[in-house]
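>>> Just a sequence and a predicted model for now, questions to come.
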Amino acid sequence: MNDLIRKVINYETISYIVVGVLTTAVDYIVFAVVNESLKVSGTGFLDPVVIATIVSWVAAVAFAYIANKLAVFKNFNFSPAYLLKEAAGFVSARVMSGVIVLIFMWVAVSCCGMNEYIAKIISSAFNLIFNYVASKFFIFKNK
């Protein structure tokens, strides 16, 4: 049991959770600012929740890539070829989770009438887990 606890509670998982919380904060704050701004100004044909979700996703992915690379996985390889491959993998995984979140947000809010901020919290929990698995085992894996 102690071995399991040591494998689960370590620098990497704790720092990932901290970065995940900070990434979620970036995502949530940008979402709220854009969503509320678009409610006031209007968007034309697109739902403010959809636009706000896309904008907040881009901000969160940029923050998460830098924070995960440097603080969580301590990966300091900055060669252009490596960065291109690594960033492409990171963004690809985030696109996958981002599409799932976007669909969930649209269905939950626009179709089912769920409060957009509650839906955002639910989708953020999914994102944290999915993105850790992708980062740990596919993107920033130790050679």
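It's in. Numbers count the residues shown, from 1 in each chain.

>>> When you work out contacts or count neighbours from here on, use the C-alpha atoms and nothing else.
Fine.

>>> ok, now how distant is residue 58 from residue 4?
According to C-alpha to C-alpha, to the nearest Å, residue 58 and residue 4 sit 35 Å apart.

>>> Run the chain-centre distance for stretch 126-140.
10 Å (C-alpha atoms, centre = their mean, to the nearest Å).

>>> quick one: average confidence on it?
For stretch 126-140, the mean pLDDT works out to 86.

>>> Residues contacting that stretch, please?
Applying C-alpha atoms under 8 Å, 6 or more residues apart in numbering, the external contacts of stretch 126-140 come out as 16-17, 20, 69, 73, 75, 86, 89-90, 93-94, 97, 101, 141.

>>> What is the least confident helix or strand in this structure?
Ranked by mean pLDDT, DSSP states H and E, the weakest helix or strand in the chain is helix 2-8, scoring a mean of 80.

>>> That helix: what's the following helix or strand?
Using DSSP states H and E, the helix or strand that follows helix 2-8 in sequence is helix 11-41.

>>> buried stuff in the following helix or strand past that following helix?
Per DSSP H and E, the first helix or strand lying C-terminal to helix 11-41 is helix 48-67. Buried residues in helix 48-67, counted by 16 or more other C-alpha atoms under 10 Å: 48-58, 60-61, 63-65, 67.

>>> of the contacts of stretch 126-140, buried ones?
Buried among the contacts of stretch 126-140 (16+ other C-alpha under 10 Å): 16-17, 20, 69, 73, 86, 89-90, 93-94, 97, 101.

>>> Near residue 24, how many other residues are there?
A count of nearby residues for residue 24, using other C-alpha atoms under 10 Å, gives 23.

>>> With residue 3 instead?
8.

>>> show me where pLDDT drops low in the chain?
By pLDDT under 70, the low-scoring segments of the chain are 43, 142-143.

>>> at 80 what do you get?
Applying pLDDT under 80 to the chain flags residues 1, 4, 7-8, 42-46, 141-143.

>>> what does stretch 72-83 contact?
Stretch 72-83 has contacts (C-alpha under 8 Å, 6+ apart) with 11-12, 15-16, 19, 68-70, 140.
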